[in-house]
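J.: here is a sequence together with a model predicted from it:
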Amino acid sequence: EYEEVNWQEQSVSIPRPRVRWSPPPADWYKANFDAAFSIESGSAAIGVVFRDQAGQVIAALCQNLGQVQSVDMAEALAARRAVIFARELSLFNIIVEGDCLHVIQALQRPDPCNLLFGHIIDETKRLGQLLRGCRFQHVRREGNSLAYSLAKKAVLTADAEVWVEDLPEEVADVFQSDCS
């Protein structure tokens, strides 16, 4: 009886540390990507932002994709767009970081992907192999807020928008909180 009373499991809430954007190593660039998806309409939009080791924005984009089959497919399309954008910007050592664990795990596997959006995953990996260095890694949503803000912005547009060494005013506060 003594043991039952004194050895009961206690529910302890362990606070999670605040996740922030973290810089890439020297001579590398980090692309954060994310997707915003409307379940009602089935439409999706993506956001991608490249930063250097000092946290400075190299380039960013947001794009409305229209109808997409699933959230995971939208996330896979965002990852692919990040790798294509790197090639367009002549960035050859990149870390592609997103908050969709399912997509990141598929990108990290060496074997072909047999998921519904596997062709997008496989193409993204193939495009990444054309660069000098390309790694895929997961980050919690709090560390990916700037890409998500760009994706949300794209939901309201009909096309794609690109910024070089700049960001739209609507996401400037997210950028500042990410860096502080």
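T.: Yep, it's here.

J.: ranges for the helices of the protein?
T.: Taking DSSP state H, the helices of the chain run over residues 2-6, 71-88, 101-108, 118-129, 145-155, 172-179.

J.: distance from the chain centre to the last one, please.
T.: Translated: helix 172-179. On the basis of Cα atoms, centre = their mean, to the nearest Å, helix 172-179 sits 16 Å off its chain's mean C-alpha point.

J.: thinking again about what came up before, now render the helices of the chain as CSV, adding mean neighbour count and distance to residue 139.
T.: For glycine as for every other residue, the C-beta is placed from the backbone atoms N, C-alpha and C. Converted to CSV, these look like this (neighbours: other Cβ atoms under 10 Å; distance: least, Cβ to Cβ, whole Å):
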stretch, mean neighbour count, distance to residue 139
helix 2-6, 7, 41
helix 71-88, 23, 13
helix 101-108, 19, 9
helix 118-129, 17, 17
helix 145-155, 23, 10
helix 172-179, 14, 11
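
J.: go through those and find the least confident stretch.
T.: With a mean of 49, helix 2-6 has the lowest mean pLDDT of these.

J.: indicate which one of the helices of the chain is closest to residue 31.
T.: helix 71-88 (4.1 Å; Cβ to Cβ).

J.: tell me what that closest one is packed against?
T.: Judged by 3 or more Cβ pairs under 8 Å, 6 or more residues apart in numbering; DSSP states H and E, helix 71-88 is in contact with strand 29-37, strand 43-51, strand 57-67, strand 93-98, helix 101-108, helix 118-129, strand 133-138.

J.: can I get the ones you listed in a markdown table including distance to residue 155?
T.: Below are those laid out as a markdown table (distance: least, Cβ to Cβ, whole Å):
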| stretch | distance to residue 155 |
| --- | --- |
| strand 29-37 | 5 |
| strand 43-51 | 4 |
| strand 57-67 | 7 |
| strand 93-98 | 18 |
| helix 101-108 | 19 |
| helix 118-129 | 20 |
| strand 133-138 | 23 |
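
J.: and these: which comes nearest residue 164?
T.: Ranking the helices and strands packed on helix 71-88 by proximity to residue 164 (Cβ to Cβ) places strand 57-67 first, at 4.9 Å.

J.: between helix 172-179 and the closest one, find me the angle.
T.: Here the directions of strand 57-67 and helix 172-179 differ by 120 degrees (axes from the mean of the first three to the mean of the last three Cα atoms, to 10 degrees).

J.: buried set for strand 57-67?
T.: Within strand 57-67, the residues that count as buried by 16 or more other Cβ atoms under 10 Å are 57-65.
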